[in-house]
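> take a look and give me a structure for this.
(chains A and B)
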Protein chains: 2
Amino acid sequence: MNHERQAEEIFSYQHLFSFTKNVFLAIGCSEEHATTATTTLLSADVRGIDSHGVARLSGYVRLWEAKRINATPDIKIIHESPSTAVVDGDSGLGLVVAPFAMQVAINKAKQAGTGWVSVQNSNHFGIAGYHAMMALQHDMIGMAMTNASALVAPTFSKERMLGTNPIAVAIPAGTEPPFVADLATTTAANGKLEILQRKGQEAPTGWIQDAEGNSTTDAHALKNAGALIPLGSDREHGSHKGYALGSIVDIFSAVLSGANYGPWVPPFPAYVPMPENQPGKGLGHFLGAMRIDAFRTAEAFKKDMDNWIQRFRSAKPIEGYEQVLIPGDPERLFEEQRMKEGIPLLGTVAEDLAKVGQKFNLSL
Amino acid sequence: MNHERQAEEIFSYQHLFSFTKNVFLAIGCSEEHATTATTTLLSADVRGIDSHGVARLSGYVRLWEAKRINATPDIKIIHESPSTAVVDGDSGLGLVVAPFAMQVAINKAKQAGTGWVSVQNSNHFGIAGYHAMMALQHDMIGMAMTNASALVAPTFSKERMLGTNPIAVAIPAGTEPPFVADLATTTAANGKLEILQRKGQEAPTGWIQDAEGNSTTDAHALKNAGALIPLGSDREHGSHKGYALGSIVDIFSAVLSGANYGPWVPPFPAYVPMPENQPGKGLGHFLGAMRIDAFRTAEAFKKDMDNWIQRFRSAKPIEGYEQVLIPGDPERLFEEQRMKEGIPLLGTVAEDLAKVGQKFNLSL
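Down below sits the predicted model:
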């Protein structure tokens, strides 16, 4: 197809899936890995987290071109105990490495009650929520974290030391949809800042700081040595807590596995040079699975989760708001809509995808 | 001793320990339980978290008088797998129940690599950090969470649905002191609000809302059906993330164990009536331990943790700030000072303690 690019274009999930999978096959992924990588990547578009989906496909391809991503990795367990493992991703796509590691966690949980896997030598893994949600079908609670290249300044610092380091937790319910939290440990995710940049708008106070560590509303401050601010916005409102949470993600993902941590995490843009004197291998993830019936029967748990969800959803809303949301509600509504009506891509994103396709004689 | 009460009075750790232990013995605790409860409670005073230490002793005694706390509990495991357990606290002091459960988690981790314990039928457990730190001496990472009675409104809600639900994570290092994060999932802990109330000062915007859900600086708003705000302060600055984190703590602590959750958690003040139609037993905790060498050698991990800590501590500070802190730094400095120079108590707190002592013919 040769679309004339518009401000926004709508693609069916199947169409984007087929195109994306062909790109992964073209860079040398196996059939199985290409399917896994595509499913993982597109889960972001489907759930409305546009910054982490196909908009990043060209970035992954550039990392492969720069030989920072290995399309045929030998992903393996290098250390384990009954409830734990360390996985070496062999520089593979995080989109493939993390589902492998999450499956290890699920298998461990079947035997030992819980499974916890720290991953070294990986790359960006898409949205954390996808990996956490893998546990749901097994009546398990799933958890997923990853570190990422440094964009965030700790409280009192003007230096970027942490990534946006997300935490995702997926919890099954009975008749209610599952509870799925997926949160960057910053005030605002970088994707939200990119939207403001594109629209030429200012950022709210408390999202970013400039190179000297002063609060700024300049959405472009990150390009001038500025930094994202940890969840909490400032010390008085608890930014030291967001900093601590981001640090925990970094340590669980990378210090436990032997990956790079803090300012040494490999950058996503292939044109950014690798940090010097890296202490570990690639970037790190941390995946966990807890079997519900290792604590109490899944039936009793789900009955209480339904009650929890119903009670919170019916909490009295502030005037002007319809109702209290349960984590995962907005993403689920996106999913229902987009699987039916298609996935809208910005013209610039479709353009970028089409260019990636051209490299491999694939048309979008 | 019959001190004349002053604005602030200093007591040695040993003096407060002996007094507090005698109070616990007087309400019927065993020698072992009284020692454990005292050690746990005083760890707050020692670490500078004055709101959670001996200032609450009279509150615990009132709960015992109201028959909400059982001084001679039969604490036991009621469900388990190789890496998990559910502990029934038998309405005991959380100060005793949580260390029992943490020891179970540590024992599980010795065998299975990790141990995760959800606790029902407990009461307030002091500071979360104390329990998490129990893991450190075993070269394990420790985690501790608890739910608490509802003071916090979810994003978009004017109703109190969650406690301040803290998360603590303690991570061992080598030559550096350990990383110890202990954070309420709210913008500000209730203890900080109490300080402002005592001083007659206003609270910063973003800490609390009034009964209608409007932002307020009235430090007394909680007494008039107001609520604490989740970490993030408002939707634009990520309060939905703080709400999600507090919810995860609630679910891990109570829905996994069969304790009360959300608005049904028993209140700490004995004069506040119990919520009606409670779905579970007592309040809940969640404790975890991960053996470092279930992932990689403790030696390699600690070397990287030392490097992590040193690199973060030397991150360039913003002008006007001395240096970037590592989670646990402020509390450790308090501990060093107070074990040497004593623990300062407000006159009102010392007065309250003396009154508790009088009930049992114990002088402070």
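> wait, A:Val117 sits on A:Gln103?
No. The pair A:Val117 / A:Gln103 is not scored as a contact, 9.1 Å apart, by Cβ atoms under 8 Å. Every residue, glycine included, has its C-beta placed from N, CA and C.
> if you count surrounding residues, which of the two has more?
A:Val117 (30 against 17; other Cβ atoms under 10 Å in any protein chain shown).
> what residues does stretch A:205-215 touch?
Stretch A:205-215 is contacted from outside by A:153, A:157-158, A:187-188, A:192-193, A:216-219, A:221-222, A:224-229, A:233-234, A:237, B:237, B:318-319, using Cβ atoms under 8 Å, 6 or more residues apart in numbering or on different chains.
> could I have it exported to CSV, CA atoms only?
Provided in CSV are the C-alpha atoms of stretch A:205-215 (Å, rounded to 0.1, in the frame of the first residue of the first chain):
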residue,chain,number,x,y,z
THR,A,205,5.9,22.7,36.9
GLY,A,206,7.3,19.7,38.7
TRP,A,207,7.9,17.4,35.7
ILE,A,208,11.3,18.6,34.7
GLN,A,209,14.3,20.6,35.8
ASP,A,210,17.0,22.4,33.8
ALA,A,211,20.7,21.7,33.7
GLU,A,212,21.2,23.6,37.0
GLY,A,213,18.5,21.7,38.7
ASN,A,214,16.0,24.5,38.7
SER,A,215,12.3,23.8,38.0
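> would you mark the buried spots in it?
A:206-210, A:213 (16 or more other Cβ atoms under 10 Å in any protein chain shown).
> for the stretch 151-300 of chain A, which segments count as strands?
Remark: strands assigned in the stretch 151-300 of chain A by DSSP state E, counting those that start in this stretch are A:167-171, A:179-183, A:208-209, A:215-216, A:227-228, A:283-291.
> quick one, phi/psi of A:Ser122?
For A:Ser122, the backbone dihedrals are phi -120, psi -170 (criterion: degrees, to the nearest 10).
> and for A:Glu194, the neighbour number?
Around A:Glu194 there are 15 other residues, counting by other Cβ under 10 Å.
> quick check, pLDDT for it.
A:Glu194 is assigned 83 on the pLDDT scale.
> surely it is in contact with A:Ser51?
Yes. Counting by Cβ under 8 Å, A:Glu194 touches A:Ser51, with 6.2 Å between them.
> on that earlier part again, could I get the buried residues of stretch A:205-215 as TSV with pLDDT and distance to B:Gln358?
Output for the buried residues of stretch A:205-215, formatted as TSV (pLDDT from 0 to 100; distance: Cβ to Cβ, whole Å):
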residue	pLDDT	distance to B:Gln358
A:Gly206	95	49
A:Trp207	96	54
A:Ile208	96	56
A:Gln209	97	53
A:Asp210	97	58
A:Gly213	97	53
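> and of the residues you listed, the nearest to chain B?
Checking the buried residues of stretch A:205-215 against chain B with Cβ to the nearest Cβ, the nearest one is A:Gly213 at 3.3 Å.
> separation between that closest one and A:Asp139?
Counting by Cβ to Cβ, to the nearest Å, the gap from A:Gly213 to A:Asp139 is 47 Å.
> what's the answer for A:Ala219, then?
Relative to A:Asp139, A:Ala219 is positioned 43 Å away (Cβ to Cβ).
> these two - which one has more neighbours?
Taking neighbours as other Cβ under 10 Å, A:Ala219 and A:Asp139 compare with A:Ala219 leading, 23 against 15.
> what residues does the more buried one make contact with?
Per Cβ under 8 Å, 6+ apart, neighbours of A:Ala219: A:193, A:196-197, A:201-203, A:208.
> by neighbour count, which of these wins?
A:Ile208 leads the contacts of A:Ala219 on contacts (other Cβ under 10 Å) with 28 neighbours.
> returning to that earlier point: turn the buried ones among the contacts of stretch A:205-215 into a named ChimeraX selection, would you?
Burial among these is assessed by 16+ other Cβ under 10 Å; the matching ChimeraX selection reads:
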select /A:153,157,158,187,188,192,193,216,219,221,222,226,227,228,229,233,234,237 /B:237,318
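> A:Gly191 and A:Gly48 touch, don't they?
No. Contact between A:Gly191 and A:Gly48 fails when scored by Cβ under 8 Å: they sit 10.7 Å apart.
> return the residues of the stretch 1-150 of chain A in contact with chain B.
Counting by Cβ under 8 Å from any Cβ of the partner chain, the stretch 1-150 of chain A comes close to chain B at A:79-84, A:86, A:111-114, A:116, A:118, A:141.
> what does the lowest-mean-pLDDT helix or strand in chain A rub up against?
Ranked by mean pLDDT, DSSP states H and E, the weakest helix or strand in chain A is helix A:190-199, scoring a mean of 84. Identification of contacts with helix A:190-199 by Cβ under 8 Å, 6+ apart yields A:49-52, A:151, A:164, A:184, A:202-203, A:207-208, A:219-220, A:222, A:228, A:346.
> between the residues you listed, which is nearest B:Lys21?
A:Ala184 (45.1 Å; Cβ to Cβ).
> wait, that closest one touches A:Thr164, no?
Yes. In this structure, A:Ala184 is within contact of A:Thr164 by Cβ under 8 Å, at 4.1 Å.
> the two: which has the busier surroundings?
Each of A:Ala184 and A:Thr164 has its neighbours counted (other Cβ under 10 Å); A:Ala184 has more, 27 against 24.
> quick one: contacts for the more buried one?
Under the criterion of Cβ under 8 Å, 6+ apart, the neighbours of A:Ala184 are A:164-166, A:190, A:231, B:241.
> quick check, pLDDT for it.
97.
> likewise for A:Arg5?
51.
> A:Met274: neighbour count?
13.
> I figured it hits A:Pro263, correct?
No. When contacts are counted by Cβ under 8 Å, A:Met274 is not listed as touching A:Pro263 (11.6 Å).
> just how off-centre is the least confident helix or strand of chain A within its chain?
Chain-centre distance of helix A:190-199: 17 Å, with Cα atoms, centre = their mean, to the nearest Å.
> which residue ranges form the helices in the stretch 251-364 of chain A?
In the stretch 251-364 of chain A, the helices defined using DSSP state H, counting those that start in this stretch lie at A:298-313, A:329-341, A:347-359.
> so which of these gets nearest B:Arg68?
Once the helices of the stretch 251-364 of chain A are compared by Cβ to Cβ, helix A:298-313 is nearest, at 21.9 Å.
> what's the angle from that closest one to strand A:167-171?
Taking axes from the mean of the first three to the mean of the last three Cα atoms, to 10 degrees, one finds helix A:298-313 and strand A:167-171 inclined to each other by 120 degrees.
> could you export helix A:298-313 as CSV, CA atoms only?
In CSV, the C-alpha atoms belonging to helix A:298-313 read as follows (Å, rounded to 0.1, in the frame of the first residue of the first chain):
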residue,chain,number,x,y,z
ALA,A,298,-7.7,-18.5,44.1
GLU,A,299,-11.5,-18.7,44.5
ALA,A,300,-11.4,-16.9,47.9
PHE,A,301,-8.8,-14.4,46.7
LYS,A,302,-10.8,-13.5,43.6
LYS,A,303,-14.0,-13.0,45.5
ASP,A,304,-12.2,-10.5,47.8
MET,A,305,-10.5,-8.8,44.7
ASP,A,306,-14.0,-8.4,43.1
ASN,A,307,-15.2,-6.9,46.4
TRP,A,308,-12.1,-4.6,46.6
ILE,A,309,-12.5,-3.4,43.0
GLN,A,310,-16.3,-2.8,43.3
ARG,A,311,-15.8,-0.9,46.6
PHE,A,312,-13.1,1.3,45.2
ARG,A,313,-14.9,1.9,41.9
